[in-house]
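K.L.:
Here is my input; please provide its structure:
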Amino acid sequence: MPSVIARTLKLSRPNVSNTLKELMRLGLVECLTPDERMGRLYALTAQGREVIKEIKA
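P.N.:
Numbers count the residues shown, from 1 in each chain. Model (predicted):
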């Protein structure tokens, strides 16, 4: 949820929401609950997991 991410990382919710939209556009993140107006859940895609592996390597 963007609000949880924002609170945890001490970022603004609009900043987190915009970043998630960009990550979705890049195919790195997908919204698991797109029909929800609030409380949307997000997850890494297979491509997103590969990027994380590369970063950690």
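
K.L.:
Could you report the distance from Ala6 to Ser12?
P.N.:
6 Å (Cβ to Cβ, to the nearest Å). Bear in mind the C-beta positions are built from the backbone N, C-alpha and C, glycine included.

K.L.:
Comparing these two, which residue is more hemmed in?
P.N.:
Ala6 (17 against 11; other Cβ atoms under 10 Å).

K.L.:
What are the phi and psi values at the more buried one?
P.N.:
Taking degrees, to the nearest 10, you get phi -60, psi -50 for the backbone angles of Ala6.

K.L.:
I'd like the numbering to begin with 43 instead of 1 from here.
P.N.:
Fine by me, first position is 43 from now on; the one you just mentioned is Ala48.

K.L.:
In this structure it contacts Asn57, no?
P.N.:
Yes - the pair Ala48 / Asn57 is scored as a contact, 7.3 Å apart, by Cβ atoms under 8 Å.

K.L.:
tell me the pLDDT at the residue nearest the centre of the chain?
P.N.:
Nearest to the mean C-alpha position of the chain, counting by Cα atoms, centre = their mean, stands Leu62 at 4.1 Å. Looking at Leu62, its pLDDT reads 95.
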